[in-house]
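> Got a predicted structure plus its sequence, pasted below:
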Amino acid sequence: LGDWLQGPYVYKLYAFYGFKESEIAILYVAGFASSVVFGTCTGPLADIWGRRKMAIAFSVIYTFCCLTKLTPNFWWLMAGRVFGGIATSMLFSTFESWYVYEHSERYGFPSEWIG
């Protein structure tokens, strides 16, 4: 939810930096496209590397994404949007799969408790 709430504020930040509406649109599309492209591989990567490591990687990647917003440089902001898209994909796959695994495999709780 917090990830979605930042949208209007990030738009305002980009406008404050002096970017045109078309440039801001490119930044937003880059983030969404990154999420689409990398979203297909975050789940399988969590299976290979481990869900805990992916959760830690999410934290590092999203921190980098947030730090890029401190500069008015378009290309740094673009890199931040791309990494933000990757982090968003990880957010909506890694943590849920980690929970389901812990719930059913590690602790052996009934699957009915999840749904």
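Everything's here; your move.
> For the rest of this, base every contact and every neighbour count on C-alpha atoms.
Fine.
> shaky segments in the protein?
The chain contains residues with pLDDT under 70 at 1-4.
> quick one, helices of the chain?
2-5, 7-16, 21-49, 51-68, 74-91, 94-101 (DSSP state H).
> ranking these by burial, who's on top?
Most buried of the helices of the chain, by mean neighbour count (mean count of other C-alpha atoms under 10 Å): helix 74-91, with a mean of 23.
> which helices and strands sit right next to that one?
Here helix 74-91 touches helix 21-49, helix 51-68, going by 3 or more C-alpha pairs under 8 Å, 6 or more residues apart in numbering; DSSP states H and E.
> Skip the chain neighbours and tell me the closest residue to Phe58.
Of all residues not flanking Phe58 in the chain, Ala87 sits nearest, at 5.4 Å (C-alpha to C-alpha, 6 or more residues apart in numbering).
> can you redo the helices of the chain as a markdown table with distance to Pro110?
Compiled in a markdown table, the helices of the chain are given as follows (distance: least, C-alpha to C-alpha, whole Å):
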| stretch | distance to Pro110 |
| --- | --- |
| helix 2-5 | 30 |
| helix 7-16 | 38 |
| helix 21-49 | 22 |
| helix 51-68 | 21 |
| helix 74-91 | 24 |
| helix 94-101 | 11 |
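> before we move on, the earlier item: now tabulate the helices and strands packed on helix 74-91 in TSV and tack on distance to Val100.
TSV is the format used below for the helices and strands packed on helix 74-91 (distance: least, C-alpha to C-alpha, whole Å):
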stretch	distance to Val100
helix 21-49	13
helix 51-68	11
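> Minimum distance to Gln6: which of those has it?
Taking C-alpha to C-alpha, helix 51-68 is the member of these nearest to Gln6, at 10.9 Å.
> Need the CA coordinates for the closest one. PDB is fine.
Extracted in PDB, the C-alpha atoms of helix 51-68 (Å, rounded to 0.1, in the frame of the first residue of the first chain):
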ATOM      1  CA  ARG A  51      13.300 -16.400   0.000                       C
ATOM      2  CA  ARG A  52      15.200 -14.800   2.900                       C
ATOM      3  CA  LYS A  53      18.000 -13.700   0.600                       C
ATOM      4  CA  MET A  54      15.500 -12.200  -1.900                       C
ATOM      5  CA  ALA A  55      13.800 -10.300   1.000                       C
ATOM      6  CA  ILE A  56      17.200  -8.900   1.900                       C
ATOM      7  CA  ALA A  57      17.900  -8.100  -1.700                       C
ATOM      8  CA  PHE A  58      14.500  -6.300  -1.900                       C
ATOM      9  CA  SER A  59      15.500  -4.100   1.000                       C
ATOM     10  CA  VAL A  60      18.900  -3.200  -0.600                       C
ATOM     11  CA  ILE A  61      17.400  -2.600  -4.100                       C
ATOM     12  CA  TYR A  62      14.500  -0.500  -2.700                       C
ATOM     13  CA  THR A  63      16.800   1.600  -0.600                       C
ATOM     14  CA  PHE A  64      18.800   2.400  -3.700                       C
ATOM     15  CA  CYS A  65      15.600   3.300  -5.500                       C
ATOM     16  CA  CYS A  66      14.700   5.700  -2.800                       C
ATOM     17  CA  LEU A  67      18.200   7.300  -2.600                       C
ATOM     18  CA  THR A  68      18.100   8.100  -6.400                       C
END
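> Okay then, goodbye and thanks.
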